[in-house]
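> model the structure of this input:
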Amino acid sequence: MHKNVMTFIGCDKEFEESNIVIFGAPFDSTTSYRPGARFASAAIRNESYGIETYSPYQDKDLEDISVFDAGDLELPFGSPDRALEDIRDFTTKILNAGKLPLMIGGEHLVTLGAVEAVFEKYPDLHIIHFDAHTDLRDEYLGVEKSHATVIRRCHDLVGDGRIFQFGIRSGERAEFEWAKSHTYLNKFNFDTLDTVVEQLKGKPVYFTLDLDVLDPSEFPGTGTPEAGGVRYLELLKAIRQVSKLQVVGLDMNELSPPYDTSGASTALACKLLREILLYFDNSSVGQKYMCKLHK
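Just a heads-up that it's a prediction; the model follows:
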């Protein structure tokens, strides 16, 4: 692979020497409210040069780790199935090279393609899901593959007791009722995350982060903002907890630059991505687990 011409700040290492590979999935064709998430990965790269590579939260620097930026996939906007196939194939290439895939969406449906690839390699996969929305509908407007159904489709793969949802504060009554029997759902916050992290130690985990888990007062630039969200520092602490696990794939999605008129949401996403890269590059447990299974 050749790195993208424009990379996220500090992520200009070669593929062979990198532990993490980031790539964009610019797709938002099933967005039901405010589209624009397809522009997120490009905006995050462009605006990343307004932040520092150094993290005062962790006393670490992106210049000291090895991350490869593969750029954006060229996805067909009119075909969710084809887009998911392309995401799945690209994620598989990263996994087969023994590296950690980190996808930047895009709408949340893109997660399904990555999860399909990771699940094929790690059949004992568990999913940690941060979001404002349940995403557990079985169909939306007659369509089974949608940003509103993505976690339900992931459940079709991994089954009961393998999906752990946090920050959820929006969805149909039927979704919350269905979750009682099929997923672990922590409404509004991360109060029980410590218990879940302890429970999932030793298991492969996919981590999916929908940025609308944040309160709109901090992150207005998203397709479906929901009042009552978590704060940035709360989210940062929760991500640090997840990084203790054997995370074998992850994504960050649902920034919508057209609704980020001040640029504050994109700036937040840039800093959050920096912190995520530093947390998960140094998640030695997860890296050793991936290397062991790759052999």
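
> ranges for the helices of the stretch 151-295 of the chain?
173-182, 193-199, 232-242, 264-281, 284-294 (DSSP state H, counting those that start in this stretch).

> which one of the ones you listed lies nearest to Ile20?
helix 264-281 (5.8 Å; Cβ to Cβ). All C-beta spots, glycine's among them, are computed from the backbone N, C-alpha and C.

> one step back: okay, the helices of the stretch 151-295 of the chain, which one's buried deepest?
The highest average neighbour count among these, using mean count of other Cβ atoms under 10 Å, belongs to helix 264-281 at a mean of 22.

> for that one, name the packing helices and strands.
strand 20-25, helix 40-47, strand 54-55, strand 100-105, helix 232-242, strand 246-253 (3 or more Cβ pairs under 8 Å, 6 or more residues apart in numbering; DSSP states H and E).

> would you list the ones you listed in TSV and tack on distance to Trp178 and mean pLDDT?
Shown next, in TSV, are the helices and strands packed on helix 264-281 (distance: least, Cβ to Cβ, whole Å; pLDDT from 0 to 100):
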stretch	distance to Trp178	mean pLDDT
strand 20-25	27	98
helix 40-47	29	97
strand 54-55	39	98
strand 100-105	24	98
helix 232-242	24	98
strand 246-253	22	98
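
> what ranges in this protein fall below the confidence cut-off?
3, 282-295 (pLDDT under 70).

> try 90
By pLDDT under 90, the weakly predicted segments of the chain are 1-6, 29-35, 77-78, 140-148, 282-295.

> at the geometric centre of it, which residue sits there?
Residue closest to the average C-alpha location in the chain (Cα atoms, centre = their mean): Asp251, at 2.0 Å.

> distance of it relative to Leu273?
Computed as Cβ to Cβ, to the nearest Å, the Asp251 to Leu273 distance reads 11 Å.

> joint contacts of those two?
The contact sets of Asp251 and Leu273 overlap at Ile104 (Cβ atoms under 8 Å, 6 or more residues apart in numbering).
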